[in-house]
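Student: Requesting a structural model of the entry that follows:
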Amino acid sequence: MACAGMVVILNGAPYSRKQAVIEQFQRHSHQPFFTLGMRDFYTIMRAEPEHQPLGLDDKQDNNDLTALHAAITGMAKGGCHVIVDHCITYEKYLSQLQSFLNDLDITWVNVTRNEQERVKDEKETGPRPEGSTLKIAQEMLMGIEYQLELDTSENSPKQCADQITQYLLDRPLRENPASRWVPLSFTQKANTLGHIILIAGTTSAGKSTLCKTLQKKMQSPCIQFGIDNVVTMLAPKYLGIPITPEETKHFKPKPEQSLGFYLIMPGPNINNPYHYATVQLGTLARLALSAHFHAIKFISQCGINVISDQVFSFKDEYLEAKAVLEDLPTFWVAVNADNNTLLAHERKRGNRFPGHTIGLFLQMHKDIANDLELDSGKMTPEEEAEAILEALKHKYPKSDF
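Tutor: A predicted model of the protein is given here:
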């Protein structure tokens with residue numbers, strides 16, 4: 001059993017400004033909310049979203065949207081408040097999401113915007129892979145029972161966010177508890193569990209590139225869900241990660257930043273024995289990591305393969321991941337490189353604190369019984385992916401990868 005978080009679902013057509021509302025809500029909400037939904041679906045979870053529009057392959061759509069819904073459920077049952085951007089066009093996906101979230105505290109929000117404004121914004125960045133905002137708006141599922149209606153043509157994103165906040169404060173609970181105590185388990189159980197490929201390594205070791213490369217090479221459907229998702233779920237105010245020289249000078253995390261992910265400046269000192277920056281996890285960051293292990297578990301229990309990039313900054317993270325995923329077919333991969341390669345990758349990315357890749361490598365828990373260890377300084381992402389596939393076939397000869 002666990003104390004679950006609330007789930008607020010913003011449902012609306014593309015370019016209805018759901019993301020702008022979510023950004024304002026996360027920034028100003030008196031409670032910390034994590035965001036997960038169609039943005040993550042298109043930017044992280046799918047291998048090639050530009051070539052995988054919804055509606056093209058029903059089996060693929062069912063696989064991937066089930067994974068998204070399982071991830072939302074895992075994050076909420078793990079104790080995180082979650083605000084979701086969604087665009088529901090089929091009854092089966094509404095029924096599935098409602099079934100997954102059945103015992104949780106859910107608020108449905110209908111987000112609308114006039115056609116002219118949506119079309120104008122769409123012309124600037126292009127339509128979604130599956131079609132125009134006008135086409136998708138016509139396909140939106142009718143009959144959903146909403147608790148709140150928002151019109152972003154009449155109200156700014158901040159005003160809409162304030163309406164959500166006020167509703168959550170004033171809503172009738174109808175004798176239900178404001179905080180739900182629910183089983184930390186999942187009702188969905190596929191006949192065959194999905195495989196979990198867990199790729200751990202320091203930042204700038206090439207994990208994200210490897211995940212995408214492996215995802216594209218796999219023959220069977222596979223979703224990506226890991227540390228990249230966790231970081232993007234958090235509001236920026238909970239990230240204490242300075243980049244510029246001005247930011248790093250005398251850096252000390254603000255109270256809100258100390259709840260999330262924040263850097264410990266180079267030592268040696270009482271908090272950091274290394275000459276490079278390390279990372280610390282506040283209560284929100286640790287809660288999100290814990291919840292996302294359950295999200296990965298739930299995805300696997302749906303029979304869906306999942307690739308997960310990880311950084312085990314502390315031993316307890318690894319021990320929890322190992323315990324949560326213990327009865328699931330998990331393949332453990334370590335990816336690292338020599339210092340020169342790591343620093344070169346870090347400089348190329350350009351949005352990292354200088355030397356943090358080495359500090360995090362020194363800090364990481366490494367006493368892990370890996371199935372495979374790779375050196376990204378000596379192998380291309382394609383070669384690493386092929387090595388993983390070969391090792392997977394050897395460990396799971398009856399499975400199709």
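Student: Can you report how many residues lie near Tyr318?
Tutor: Neighbours of Tyr318 under the rule other C-beta atoms under 10 Å: 19. Just so you know, the C-beta spots here come from the backbone N, C-alpha and C atoms, and that holds for glycine as well.
Student: all strands for the stretch 251-400 of the chain, in order.
Tutor: For the stretch 251-400 of the chain, applying DSSP state E, counting those that start in this stretch gives strands covering 261-264, 278-281, 305-310, 330-336, 372-375.
Student: I should have written the stretch 101-250 of the chain there, sorry.
Tutor: For the stretch 101-250 of the chain, the strands defined by DSSP E, counting those that start in this stretch occupy 106-112, 148-151, 181-182, 196-200, 222-224, 239-240.
Student: what residues are up against the residue nearest to the spatial centre of the chain?
Tutor: With distances taken as C-alpha atoms, centre = their mean, Asn229 lies nearest the centre of the chain, 2.4 Å away. By C-beta atoms under 8 Å, 6 or more residues apart in numbering, Asn229 lies in contact with Leu36, Asp40, Ile44, Met45, Ala71, His292.
Student: could you redo the last one with a cut-off of 10 Å?
Tutor: Counting by C-beta atoms under 10 Å, 6 or more residues apart in numbering, Asn229 makes contact with 34, 36, 40, 43-45, 71, 75, 288, 292, 295-296, 308-309.
Student: now swap in Val335 and tell me
Tutor: By C-beta under 10 Å, 6+ apart, the contact list for Val335 reads 199-202, 205-207, 209-211, 309, 370, 372-376, 379, 381, 384, 388.
Student: Sort out which of those are buried, if you could.
Tutor: Neighbour-count burial within those applies to 199-202, 205-207, 209-211, 309, 372, 374, 376, 379, 381, 384, 388; the criterion is 16 or more other C-beta atoms under 10 Å.
Student: Which of these fall in helices?
Tutor: With DSSP state H as the criterion, helices contain Lys207, Thr209, Leu210, Cys211, Pro381, Glu384, Ile388 from among the buried ones among the contacts of Val335.
Student: and the two most separated of the residues you listed?
Tutor: Spanning the widest gap among these are Thr209 and Ile388, at 13.1 Å by C-beta to C-beta.
Student: circling back: possible to save the ones in helices among the buried ones among the contacts of Val335 as CSV with distance to Asp57 and pLDDT?
Tutor: As requested, those are arranged in CSV below (distance: C-beta to C-beta, whole Å; pLDDT from 0 to 100):
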residue, distance to Asp57, pLDDT
Lys207, 27, 96
Thr209, 25, 94
Leu210, 24, 97
Cys211, 21, 96
Pro381, 25, 97
Glu384, 27, 98
Ile388, 24, 98
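Student: Output those residues in JSON lines; the columns should cover distance to His86.
Tutor: Listed next are these as JSON lines, based on distance: C-beta to C-beta, whole Å:
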{"residue": "Lys207", "distance to His86": "28"}
{"residue": "Thr209", "distance to His86": "29"}
{"residue": "Leu210", "distance to His86": "29"}
{"residue": "Cys211", "distance to His86": "24"}
{"residue": "Pro381", "distance to His86": "32"}
{"residue": "Glu384", "distance to His86": "34"}
{"residue": "Ile388", "distance to His86": "32"}
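Student: closest to Leu362 among those?
Tutor: Of all these, Leu362 sits closest to Lys207, with 17.3 Å by C-beta to C-beta.
Student: which residue packs closest to Leu214, ignoring adjacent ones?
Tutor: Spatial nearest neighbour of Leu214, chain neighbours left out: Ala385 (4.2 Å); criterion: C-beta to C-beta, 6 or more residues apart in numbering.
Student: Right, I'll leave it there.
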